[in-house]
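>>> build me a structure from this.
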Amino acid sequence: MRHAIFQSVLFVATAAFLTGTLVACSAPAQPSNTVKVTGADDKGSVTLNVGDTLQVTLQGNPTTGYQWEVSSVDTSILKMSGEPQFTPASPAVGSGGNVVFLFDAIAAGQTKLEIIYHRPFEQNVPPVQTFTLSVTVK
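Residues are numbered from 1 along each chain as shown. The predicted model follows:
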């Protein structure tokens with residue numbers, strides 16, 4: 001009987017010790033940050049930390065056939081999260097609005113982010129607008 005009680009106490013003490021060790025060894029999570037840029041930041045630069053989100057908001061109107069499309073980025077540093085989202089400026093049919101891109105900073109390094117505004121179905125036609133941002137991830 002005494003042996004069984006000793007084993008139970010030893011088991012509980014060991015479990016408590018291991019739980020405390022795991023909690024103490026886990027690093028506190030760094031809060032992620034969202035850095036927001038717009039078309040006004042074209043040709044600018046931003047610095048992010050790994051785990052941060054970059055939000056790029058650009059004016060557009062997909063009803064005209066034009067769309068924003070990422071044309072250059074190092075995806076080992078900055079990875080697009082989901083598809084760009086369009087929010088119309090008004091409920092009127094054919095109205096323009098904002099296109100929002102989200103990118104996750106996944107590794108340290110530097111990359112040029114380039115997003116072009118064009119009609120993808122038009123061949124050999126330069127984009128009507130280009131947004132460029134120099135991104136450093138620490």
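
>>> from now on I want contacts and neighbour counts done on CA atoms only, so please keep to that.
Noted.

>>> list the contacts for residue 68?
Residues counted as contacts of residue 68 (Cα atoms under 8 Å, 6 or more residues apart in numbering) are 60, 99, 115-118.

>>> ok, now with 10 Å
Residues in contact with residue 68 (Cα atoms under 10 Å, 6 or more residues apart in numbering) are 58-62, 84, 99-101, 115-120, 127, 129-131.

>>> flag every buried residue along the helix or strand hosting it.
In the assignment (DSSP states H and E), residue 68 maps to strand 67-72. The neighbour-count check on strand 67-72 (16 or more other Cα atoms under 10 Å) flags 67-70 as buried.

>>> give me the contacts around whichever helix or strand comes after it.
Per DSSP H and E, the first helix or strand lying C-terminal to strand 67-72 is strand 78-80. Outside strand 78-80, the residues that touch it by Cα under 10 Å, 6+ apart are 48, 50, 52-55, 70, 73, 101-113, 135-137.

>>> average model confidence for stretch 50-63?
Averaged across stretch 50-63, pLDDT comes to 97.

>>> now the end-to-end length of that stretch.
36 Å (Cα to Cα, to the nearest Å).

>>> also stretch 44-56?
End-to-end distance for stretch 44-56: 12 Å, by Cα to Cα.

>>> so where's the protein shaky on pLDDT?
Counting by pLDDT under 70, the chain shows low-confidence ranges at 1-31.

>>> what segments of it are helices?
With DSSP state H as the criterion, the chain has helices at 2-25.

>>> which parts of it are strands?
Ranges of strands within the chain are 34-38, 44-48, 53-60, 67-72, 78-80, 85-88, 97-105, 109-118, 129-137, based on DSSP state E.
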